[in-house]
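A.B. asks: give me a 3D structure for the following:
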Amino acid sequence: MKTLFSGFFALIAMAIAIVNMLGPIISGIWLGVIGEWGLLGMGLLYMMFGVAWTGLLILPAMGFAVGAGTLADRGSRIAAIIAAIPAFAWTYAVAIGTSVIVFMFTVGKIDWNDNPIPYLFWGFSVATSPWSYMAMKEMQAGNNHGGASLAASFLTIGCALAAIWYLVDGAESWQDWAVRIGGVMIFGLAFQLLEVILVTSRPRY
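C.D. replies: As a prediction, this is how the structure comes out:
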């Protein structure tokens with residue numbers, strides 16, 4: 001089962017890496033052609049410093065995660081699961097919140113006669129870039145299904161679906177973006193909690 005999960009998320013992580021490599025280039029050139037230099041500059045700044053900013057925001061989650069690991073090592077299964085819940089919930093809330101802010105800022109630059117595709121593609125690339133970077137670092141460390149990899153995988157899917165939904169039905173408020181991205185992220189949260197339950201349920205020798 002672990003091998004299956006590792007292969008699945010390694011494949012998703014590879015797809016994320018390809019999209020995030022090509023996405024900023026394509027959408028960046030497109031936005032440059034239409035003169036959206038301010039949006040490009042803000043996005044590049046976020047890509048440069050987003051990992052550090054995100055790392056600061058998820059510090060509380062790391063504290064809970066360390067506590068959950070310590071409790072699991074001591075054999076306190078229920079306490080470890082309880083401690084893991086706020087760790088994962090905080091991380092996913094940060095991922096959703098930062099992505100909503102990025103998309104709201106990006107689509108706010110769209111005029112009624114603009115093609116929204118380059119804006120959405122750029123917003124997608126900017127919003128997911130810190131998480132994709134952290135997922136890549138986890139893969140390099142040999143952890144293909146760690147917390148950042150899972151969060152990046154589900155965030156990428158959520159942002160992509162939210163962007164497509166915007167093309168179809170629009171999005172008038174931050175709540176629209178939060179519900180659409182969070183609706184996918186909740187599955188990632190549930191998956192990680194299930195993984196904690198399974199890991200802590202293994203017999204110790």
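A.B. asks: from now on I want contacts and neighbour counts done on CA atoms only, so please keep to that.
C.D. replies: Fine.
A.B. asks: can you map out the helices along this structure?
C.D. replies: 2-33, 37-57, 59-73, 77-107, 117-140, 147-169, 174-200 (DSSP state H).
A.B. asks: burial of Thr54, as a residue count?
C.D. replies: Other residues lying near Thr54 total 17 when counted by other CA atoms under 10 Å.
A.B. asks: what's the closest non-adjacent residue to it?
C.D. replies: Once flanking residues are discounted, Thr54 sits nearest to Pro130: 7.2 Å by CA to CA, 6 or more residues apart in numbering.
A.B. asks: how far away is that neighbour from Leu167?
C.D. replies: 24 Å (CA to CA, to the nearest Å).
A.B. asks: ok, those two, which is more surrounded?
C.D. replies: Ranked by neighbour count (other CA under 10 Å), Pro130 and Leu167 place Pro130 first, with 24 against 14.
A.B. asks: and that one, how close does it get to Val168?
C.D. replies: To Val168, Pro130 is 27 Å away according to CA to CA.
A.B. asks: what do you get for Ser27?
C.D. replies: According to CA to CA, Ser27 and Val168 sit 20 Å apart.
A.B. asks: of those two, who's got more company?
C.D. replies: Neighbours per residue (other CA under 10 Å) separate Ser27 from Val168, with Ser27 holding more: 21 against 9.
A.B. asks: so for stretch 155-174, mean pLDDT?
C.D. replies: Mean pLDDT, stretch 155-174: 87.
A.B. asks: hey, C-alpha coordinates of it in CSV?
C.D. replies: This file holds the C-alpha atoms of stretch 155-174, laid out as CSV (Å, rounded to 0.1, in the frame of the first residue of the first chain):
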residue,chain,number,x,y,z
LEU,A,155,-3.8,22.3,-3.8
THR,A,156,-2.8,22.1,-7.4
ILE,A,157,-5.9,20.1,-8.2
GLY,A,158,-8.1,22.5,-6.2
CYS,A,159,-6.6,25.7,-7.8
ALA,A,160,-6.9,24.2,-11.3
LEU,A,161,-10.5,23.3,-10.8
ALA,A,162,-11.3,26.7,-9.2
ALA,A,163,-9.7,28.4,-12.2
ILE,A,164,-11.7,26.4,-14.7
TRP,A,165,-14.8,27.0,-12.6
TYR,A,166,-14.1,30.7,-12.9
LEU,A,167,-14.1,30.5,-16.7
VAL,A,168,-17.4,28.7,-16.6
ASP,A,169,-19.3,30.5,-13.9
GLY,A,170,-17.1,33.3,-12.5
ALA,A,171,-16.2,34.0,-8.9
GLU,A,172,-17.5,37.2,-7.2
SER,A,173,-16.0,36.8,-3.7
TRP,A,174,-13.2,35.3,-1.8
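A.B. asks: neighbouring contacts of that stretch?
C.D. replies: 16, 95-96, 99-101, 104, 116, 120-121, 124, 128, 177, 180-185 (CA atoms under 8 Å, 6 or more residues apart in numbering).
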